[in-house]
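Asks: Coordinates for the following, if possible.
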Amino acid sequence: MMNSLIGALESGMIYALMALGVYITFRILDFPDLTVDGSFTTGGAIAAVMITGGVAPWIATIAAFGGGMVAGAITGLLHTKGRINGLLSGIVMMIALYSINMRIMGKPNVSLLGENTLFSSVSELLLMPFIVIIVKLLLDLFFHTDLGLALRATGDNQRMIRSFGAHTDHTIILGLSLSNGLVALSGGLIAQSSGFADISSGIGMIVIGLASVIIGEAIFGARNVIFATLAVVLGAIVYRFIYALALRIEWIEQTDLKLITAVIVVAALVLPTMQRSRKAKSMAQKRSSEITTGTDHTSLGGEL
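Replies: Prediction:
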């Protein structure tokens with residue numbers, strides 16, 4: 001039990017980087033980017049191939065981040081310059097990345113067993129908190145710069161930010177590039193942690209990222225960007241704990257994992273909505289009662 005929880009904590013911190021990338025597109029930019037499923041695999045593929053080729057693990061990890069940024073930038077160009085619908089541009093890039101990733105790896109699976117990785121000399125439990133904290137703080141600082149504020153404003157109201165002379169095409173491309181860079185970084189670290197890179201490792205990553213964002217916001221709130229990024233990180237860890245606990249149920253099999261993810265996302269979406277609906281109904285009943293009481297008092301005063 002303890003080993004599975006520690007494993008969930010370790011993987012949760014790695015997936016938190018991917019969740020931060022999803023947060024940038026879906027919450028900051030309000031852009032439904034499905035490139036994530038492809039760029040996650042791209043990060044793992046680049047890191048695995050470079051490490052097996054004798055490149056230092058930290059250089060391979062940075063290269064994985066760069067590969068994801070390129071993929072995100074292409075999605076942004078398809079949308080802004082090619083005038084392709086945002087959702088469709090992400091789907092097109094995700095499909096293209098499948099072939100690109102296969103070209104990078106040369107085969108469906110690349111093993112890292114026996115290779116020197118970032119986690120060969122230090123465990124994920126010791127290294128990942130530093131990486132996650134550094135990435136989170138850098139994002140917080142970036143979102144408070146002029147460029148970061150322009151990126152946030154683009155997601156809120158593109159027309160308004162254009163009226164101030166900002167180039168929204170540039171900010172969209174930047175946001176998608178940064179987002180997929182973080183996703184690919186997560187993919188590269190997952191490949192090093194698990195000991196292999198697989199062509200299908202990115203399937204469903206967008207749902208996992210959304211689940212982490214939604215769970216984090218529902219539990220911890222998102223009053224501002226600093227709290228929002230913290231909530232996303234904690235949401236990714238909570239999601240992995242839920243995942244690990246679900247796997248301990250006897251009648252659940254490995255093939256049910258995607259279904260578990262879908263159920264978690266549905267629950268995270270539906271429960272807050274039900275709570276808001278119940279609260280609104282309660283407030284409406286209270287106001288109705290107050291109006292009725294006030295009417296009664298008025299009628300009594302009129303009779304007197």
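
Asks: Where does Arg223 sit: helix, strand or coil?
Replies: coil (DSSP: H, G, I helix; E, B strand; the rest coil).

Asks: what's the spacing between it and Gly188?
Replies: 32 Å (C-beta to C-beta, to the nearest Å). Using the backbone N, CA and C atoms, a C-beta is placed for each residue, glycine as well.

Asks: Looking at these two, which is more packed in?
Replies: Here Arg223 and Gly188 are set side by side on neighbour count (other C-beta atoms under 10 Å), and the busier one is Gly188, at 34 against 9.

Asks: That one: helix or strand, and which one exactly?
Replies: In the assignment (DSSP states H and E), Gly188 maps to helix 168-194.

Asks: For the following helix or strand past that helix, which strands pair with it and how are they oriented?
Replies: Sequence order places strand 196-198 as the next helix or strand after helix 168-194, per DSSP H and E. Applying DSSP bridges, strand 196-198 is found paired with strand 109-111 (antiparallel).

Asks: The helix or strand following the partner strand packs against which elements?
Replies: Later in the chain than strand 109-111, the nearest helix or strand by DSSP H and E is helix 124-142. Packed against helix 124-142 by the contact rule (3 or more C-beta pairs under 8 Å, 6 or more residues apart in numbering; DSSP states H and E) you find helix 2-23, helix 168-194, helix 225-247.

Asks: deepest of the ones you listed, which one?
Replies: Of the helices and strands packed on helix 124-142, the one with the most neighbours on average (mean count of other C-beta atoms under 10 Å) is helix 168-194, at a mean of 27.

Asks: Let me know the angle separating that helix from helix 225-247.
Replies: For helix 168-194 against helix 225-247, the angle by axes from the mean of the first three to the mean of the last three C-alpha atoms, to 10 degrees is 40 degrees.

Asks: what's helix 168-194 packed up against?
Replies: Here helix 168-194 touches helix 2-23, helix 36-52, helix 57-80, helix 124-142, helix 146-156, helix 158-163, going by 3+ C-beta pairs under 8 Å, 6+ apart.

Asks: chain center to that helix, what's the gap?
Replies: The chain centre lies 10 Å from the centre of helix 168-194; the measure is C-alpha atoms, centre = their mean, to the nearest Å.

Asks: where does the protein dip in pLDDT?
Replies: Within the chain, the stretches with pLDDT under 70 are 1, 164-166, 272, 294-304.

Asks: biggest helix in it, by residue count?
Replies: helix 257-303 (DSSP state H).

Asks: Against which helices or strands is that helix packed?
Replies: Packed on helix 257-303, when contacts are counted by 3+ C-beta pairs under 8 Å, 6+ apart, are helix 205-220, helix 225-247.

Asks: Adding distance to Ile203, write the helices and strands packed on helix 124-142 out as JSON lines.
Replies: Formatted as JSON lines, the helices and strands packed on helix 124-142 follow (distance: least, C-beta to C-beta, whole Å):
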{"stretch": "helix 2-23", "distance to Ile203": "13"}
{"stretch": "helix 168-194", "distance to Ile203": "12"}
{"stretch": "helix 225-247", "distance to Ile203": "16"}
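
Asks: Which of those sits closest to Lys107?
Replies: Lys107 lies closest, by C-beta to C-beta, to one member of the helices and strands packed on helix 124-142: helix 168-194, at 14.2 Å.

Asks: how big is the angle separating the closest one from helix 57-80?
Replies: Going by the same axes, to 10 degrees, helix 168-194 makes 150 degrees with helix 57-80.
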